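Asks: Build me a model:
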Amino acid sequence: MDHFKTIIGQSPSLDSLIRSAKIASATDVTVLLNGETGTGKEILATAIQKTSPRANKPFITLNCAALPESLIESELFGHKKGAFTGATGNTEGVFQAADGGTLFLDEINSLPTSIQAKLLRFIESGECLAVGDTAPYYVDVRIIAASNSDLNQQIAEGTFRRDLFFRLNVVPLYLPTLNERVGDIELLINHFTKQFERIHGIQAPKFSQKSIKALRAYSWPGNIRELRNLCERLCILLAGKIIEPENLPSEFNEQSPAFTLPQFTLPPAGLDLDNLEASLIQQALDLTKGNRSKSARLLGLSRDTLLYRMQKHGFAGY
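Replies: Reported below is the predicted structural model:
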């Protein structure tokens, strides 16, 4: 079974991502998934694990942003009886539970810096230390990590360890936003509506070409997750109907047209195109607080093209 078929789409950026993920999955290498919220990082992590040599071993998922800082260390590494108030017995952490298998650390960008040092120690030596214990234990766990923010920016701000980033970033995989793969929207709609037709026992609605066009023009801040939720809502409320643009929520019919320079004329004295390009990139990065995917979207570029031009103009701080 090809577990990567759970990732729906045919765009070039997605094909390239899946090819790299398949190569990485055959090894024990540490993988870092980068992408906005809702782009499918957990689905990709699962596909990597299910096609890896550890496929029949434990697969544990931990969302680093879902636990208070006071509990993360215990959740990861376990604790000894009496280590803190309420610790009534020895408790294993997820590293022990995942021994021999794979641990997926989602939203690793939210991991406190104090815990980052202990994670780095594990990656370097396999050593873990339970809260309240003095003797370390050792486990064999593959790490797949995911971030929904720019870790380079967090390193610059001092909230993420540079040495940990290099240990995690052995094989970096970028998940494109839905806006970067609008050609896949119709495929995703067909997939989700058939899925909900089966789950809810209803006749799925059909989307007219005008409604598909409206969906392609939308900004999709919630990415694939937002599209999936929309499909489920329309399957429930308009089962068996034809979805027209007027059936879509109001935000899909209120897209602002892209700004265009009206009849721009080159000044007789000419201009410095490199400086103009650098200025526009700087403005986009300022508007998005350094978010590269959103900046690329504002400039009408692919993320890879923006990264190339940022490097060209020396935007090392972003």
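Asks: Helices of this structure, residue ranges please.
Replies: Applying DSSP state H to the chain gives helices spanning 12-25, 41-50, 69-77, 94-97, 113-125, 151-157, 162-168, 185-200, 209-217, 223-237, 273-287, 292-299, 303-313.
Asks: close enough to count as contact, Glu180 and Arg303?
Replies: Yes - with contact defined as Cβ atoms under 8 Å, Glu180 reaches Arg303; the gap is 6.5 Å. The C-beta positions use only the backbone N, C-alpha and C, and glycine is treated the same way.
Asks: what about those two, which has more around it?
Replies: Glu180 (23 against 19; other Cβ atoms under 10 Å).
Asks: returning to what we had before: overlap in contacts of Glu180 and Arg303?
Replies: Ser293, Ala296 (Cβ atoms under 8 Å, 6 or more residues apart in numbering).
Asks: re the thing from before, nearest approach to Ile144 belongs to which of the helices of the chain?
Replies: For Ile144, the closest of the helices of the chain is helix 41-50, at 4.8 Å, according to Cβ to Cβ.
Asks: Quick check: buried residues in that closest one?
Replies: Taking 16 or more other Cβ atoms under 10 Å as the neighbour-count basis, helix 41-50 is seen to contain the buried residues Lys41, Ile43, Leu44, Ala45, Thr46, Ala47, Ile48, Gln49, Lys50.
Asks: Let me know which of the helices of the chain is the nearest to Gly86.
Replies: When these are compared for distance to Gly86 using Cβ to Cβ, the nearest one is helix 69-77, at 10.1 Å.
Asks: which helices and strands does that closest one pack with?
Replies: For helix 69-77, the elements it packs on are helix 94-97, helix 113-125, judged by 3 or more Cβ pairs under 8 Å, 6 or more residues apart in numbering; DSSP states H and E.
Asks: got the domain boundaries for the protein?
Replies: Here the chain is described, according to automatic domain parsing, as comprising the domains 3-176, 179-252, 273-313.
Asks: got JSON lines for those, with distance to Leu266 too?
Replies: Shown next, in JSON lines, are the domains of the chain (distance: least, Cβ to Cβ, whole Å):
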{"stretch": "domain 3-176", "distance to Leu266": "34"}
{"stretch": "domain 179-252", "distance to Leu266": "30"}
{"stretch": "domain 273-313", "distance to Leu266": "10"}
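Asks: okay if I get those as TSV plus mean pLDDT?
Replies: As requested, the domains of the chain are exported to TSV (pLDDT from 0 to 100):
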stretch	mean pLDDT
domain 3-176	94
domain 179-252	95
domain 273-313	84
